[in-house]
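Student: Structure of the sequence below:
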Amino acid sequence: MTIRTTLSHVALHVRDLPAMERFYADVLGLQVSDRGHTARLNCDMVFMSGNPDAHHQLVLMSGRAQEARLNPVNHMSFKIDSLGILREIRDRARANGVEGLRAVNHGNAWSVYFPDPEGNTIEAFLDTPWHVPQPHGEALDLDKPDAEIIAETQAACAQDPGFMPRNEWDRAHSAKLG
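Tutor: All right, here's what the predicted structure looks like:
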């Protein structure tokens, strides 16, 4: 199977979330597309984009310690075309000895996260046909058939008050970006 990926977004751990949000808005013209708190990582997140076709190109994540020398990049994200390719990437990562792989259903995307040999996190993902406010994440069982994953995702996301078809969110996002 041939795999073709496109770099999609970068997530940064930051020390001063409001200042970084202002900087990326003022300097690069990015606009906030979502914001929220994730208990799993215990951080606030700001999702930003300047592209009407992308929910986010940059994610700013609070919690970077002042003295931290660690790389502030949380993960690199690669967009793919199908659940089948997502499974193939998962399987190839496992075949290369990767441990700690996580499959996540974000409602608006299905993702797998895993470390490269030096510990940098990689995300491979594909969009779903729906939008649900972010951050949103639950376990994803990629061993289920595509139709079951699709039906479960739609049913779970439809319960969120911010749920809408992706094309409606795309139109509103495009209008917001001018």
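
Student: tally of neighbours for Leu86?
Tutor: By the criterion of other Cβ atoms under 10 Å, Leu86 has 22 neighbours. The way it works is simple: take the backbone N, C-alpha and C, and place the C-beta from them, glycine included.

Student: Mind checking what helix or strand follows the one helix or strand Phe125 maps to in sequence?
Tutor: Assigned by DSSP states H and E, Phe125 belongs to strand 121-127. Helices and strands here follow DSSP H and E; after strand 121-127, the next one along the chain is strand 130-131.

Student: What average pLDDT does the helix or strand just after that next one get?
Tutor: Remark: after strand 130-131, the chain's next helix or strand is strand 138-139, criterion DSSP H and E. Averaging pLDDT along strand 138-139 gives 95.

Student: Quick one: neighbours of the residue nearest to Pro135 when sequence neighbours are not counted, just the number.
Tutor: In this structure, Pro135 finds its nearest non-sequential neighbour in Thr38, 4.6 Å apart by Cβ to Cβ, 6 or more residues apart in numbering. Neighbourhood size, Thr38 [other Cβ under 10 Å]: 14.

Student: that older thread, just checking: what are the partner strands of the strand holding Phe125?
Tutor: When pairing is defined by DSSP bridges, strand 121-127 lines up against strand 73-79 (parallel), strand 109-115 (antiparallel).

Student: returning to that earlier point: show me what contacts the residue nearest to Pro135?
Tutor: Counting by Cβ atoms under 8 Å, 6 or more residues apart in numbering, Thr38 makes contact with 45, 135, 137.

Student: mind exporting stretch 73-81 as PDB, just the C-alpha atoms?
Tutor: C-alpha atoms of stretch 73-81 as PDB (Å, rounded to 0.1, in the frame of the first residue of the first chain):
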ATOM      1  CA  VAL A  73       6.900  20.800  19.800                       C
ATOM      2  CA  ASN A  74       4.200  18.500  21.100                       C
ATOM      3  CA  HIS A  75       3.700  16.600  17.900                       C
ATOM      4  CA  MET A  76       4.000  16.700  14.100                       C
ATOM      5  CA  SER A  77       0.800  15.900  12.200                       C
ATOM      6  CA  PHE A  78       0.400  14.200   8.800                       C
ATOM      7  CA  LYS A  79      -2.900  14.100   7.000                       C
ATOM      8  CA  ILE A  80      -3.900  10.900   5.200                       C
ATOM      9  CA  ASP A  81      -6.900   9.700   3.100                       C
END
